[in-house]
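# here is a sequence together with a model predicted from it:
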Amino acid sequence: MKTGFIAIVGQANAGKSTLLNSFVQQKVSIVSPKPQTTREQILGIWTDADSQMVFVDTPGFLHSKNALGDYMLKSIDNAVADVDCILVVIDGHDGIDERELSQIERYRKKGVPIVVAVSKIDISQPAKLMPELAKLNGIEGVSEVYCVSAKRNNGVEELKQALKKYLTGTEMYFDEDDVTDKSQRFVVSEIIREKVLLACQNEIPHGVGIAINKMQQNGNAWDIDATVIVEKASHKPIVLGKQGAMIKSIGTHARESIEKMLEANVYLTLWVKVKEDWRNNPSMLNELGYSNRRK
Ligand SMILES: Nc1nc2c(ncn2[C@@H]2O[C@H](COP(=O)(O)OP(=O)(O)OP(=O)(O)O)[C@@H](O)[C@H]2O)c(=O)[nH]1
Ligand SMILES: [Mg+2]
């Protein structure tokens, strides 16, 4: 049995979480077109006959502007601290920039194998992609480069098989049925946040936090009560929408996804509350699970 940890790092929006979900063939990490969708380390676990691969999803690199940003940066550092391999995801459609090359240089100093996944090749033009790939040629410390489309599931299996050779452990870290280290409660809060991210524009999504007030199973149904926390009074009417239309639509989409995950009926009640500047408020960060590792 070969086992080990692989950190998935890269710029915001590069496609890290989509790739993690594709590796483990289940949705464990939320995905959206907005940068900074992932806020903390999330493990995706893949176990087969001869290996257990623990993929560590991380927030995209960012310039921290508040205590939540500091927490996100720290979770990238923690994620790469003790892994067998670092998988750097680069958006092939966007092109490779200097920041990405300098990040690779930083990781090289850690002395762990670095593999690059050039993502989103389904929407990248080959003529544009080739010169971008040439930039990776001969970069010291990069063991291999793979081109993938996580959305279309192209090249993902080949990459996963290739990553196995970097695993250094021999004992399983998790049960063979585990797909993530996170609890259902955490996944529920993330699904609600994903639906807010998809529904709201501009700066609102960055200042949204989700508190689960109640999550109770009654027979084959779940009763869930959650609060969408926004950081400015002016954001509340936007998230509520005209006569509550926006929050109603967020609730419907969230309920459908949660029902799929829990394989049960769900009664979801959503509230919207303003907590000014909560991303700089230590007790709010703690309450929402952003100060200690939450499960
Ligand atoms: N066409 C295409 N789109 C993709 C692919 N992978 C991801 N995307 C899209 O790119 C956007 C960002 O994807 P995420 O997986 O959330 O990216 P991320 O790197 O985890 O982003 P952060 O968590 O914000 O750092 C989403 O709209 C995805 O649907 C891909 O292979 N092809
Ligand atoms: Mg992500």
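All right, it came through fine. Numbers count the residues shown, from 1 in each chain. Ligands and ions are numbered 1, 2, ... in the order given.
# tell me the helix or strand right after the longest helix along the chain.
In the chain, assigned by DSSP state H, the helix with the most residues is helix 245-262. Downstream of helix 245-262, the first helix or strand assigned by DSSP states H and E is strand 265-274.
# other SSEs contacting whichever helix or strand comes after that following strand?
Downstream of strand 265-274, the first helix or strand assigned by DSSP H and E is helix 282-287. Packing partners of helix 282-287 (3 or more C-beta pairs under 8 Å, 6 or more residues apart in numbering; DSSP states H and E): helix 67-81. C-beta coordinates here come from the backbone N, C-alpha and C atoms, glycine included.
# let me know the pLDDT of Arg108.
At Arg108, the pLDDT value in this model is 92.
# quick one: contacts for the closest residue in space to it that isn't next to it in sequence?
Counting by C-beta to C-beta, 6 or more residues apart in numbering, Arg108 lies nearest to Gly141, which is 3.3 Å off, once chain neighbours are set aside. With contact taken as C-beta atoms under 8 Å, 6 or more residues apart in numbering, Gly141 is in contact with 104-105, 107-108, 114.
# repeat the analysis, applying 10 Å as the threshold.
Going by C-beta atoms under 10 Å, 6 or more residues apart in numbering, Gly141 touches 86, 104-105, 107-114.
# can you name the two of those residues that sit furthest apart?
Glu105 and Pro113 (14.9 Å; C-beta to C-beta).
# more neighbours, these two?
Neighbour comparison, Glu105 and Pro113: the larger count goes to Pro113, with 19 against 13 (by other C-beta atoms under 10 Å).
# ok, that one - contacts?
Residues counted as contacts of Pro113 (C-beta under 10 Å, 6+ apart) are 6, 83-87, 107, 141-144, 163, 165-166.
# which members of those are the farthest-apart pair?
Distances among the contacts of Pro113 were taken as C-beta to C-beta; the most separated pair is Tyr107 and Lys165, at 18.4 Å.
# looking at those two, which one has more neighbours?
Between Tyr107 and Lys165, Tyr107 has the larger neighbour count (other C-beta under 10 Å), namely 19 against 12.
# can you classify Tyr173 by secondary structure?
Taking DSSP: H, G, I helix; E, B strand; the rest coil as the rule, one finds Tyr173 in the coil state.
# now do the same for it: its pLDDT.
What the model reports for Tyr173 is a pLDDT of 97.
# that one and Tyr71, how far apart?
As judged by C-beta to C-beta, to the nearest Å, Tyr173 and Tyr71 stand 24 Å apart.
# count the residues that sit near the residue in the chain positioned nearest to ligand 1.
Closest to ligand 1 within the chain is Gly60: 2.8 Å, counting by C-beta to the nearest ligand atom. When neighbours are counted by other C-beta under 10 Å, Gly60 registers 19.
# quick one: contacts for it?
Gly60 makes contact with 9-14, 16-17, 35-38, 72, 76, 89, according to C-beta under 10 Å, 6+ apart.
# these two touch, right, Ile45 and Val28?
Yes: with contact defined as C-beta atoms under 10 Å, Ile45 reaches Val28; the gap is 8.5 Å.
# find residues that contact each of the two.
Common contacts of Ile45 and Val28 (C-beta under 10 Å, 6+ apart): 55, 179-181.
# between the residues you listed, which sits nearest ligand 2?
The closest of the shared contacts of Ile45 and Val28 to ligand 2 turns out to be Phe55 (C-beta to the ion; 11.9 Å).
# is it correct that that closest one falls within a strand?
Yes: Phe55 sits within a strand when classified using three-state DSSP.
# circling back: I'd like the contacts of Pro113 laid out as JSON lines, including distance to Glu231.
Shown next, in JSON lines, are the contacts of Pro113 (distance: C-beta to C-beta, whole Å):
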{"residue": "Ile6", "distance to Glu231": "34"}
{"residue": "Val83", "distance to Glu231": "33"}
{"residue": "Asp84", "distance to Glu231": "38"}
{"residue": "Cys85", "distance to Glu231": "37"}
{"residue": "Ile86", "distance to Glu231": "33"}
{"residue": "Leu87", "distance to Glu231": "33"}
{"residue": "Tyr107", "distance to Glu231": "33"}
{"residue": "Gly141", "distance to Glu231": "40"}
{"residue": "Val142", "distance to Glu231": "39"}
{"residue": "Ser143", "distance to Glu231": "42"}
{"residue": "Glu144", "distance to Glu231": "42"}
{"residue": "Leu163", "distance to Glu231": "39"}
{"residue": "Lys165", "distance to Glu231": "45"}
{"residue": "Tyr166", "distance to Glu231": "41"}
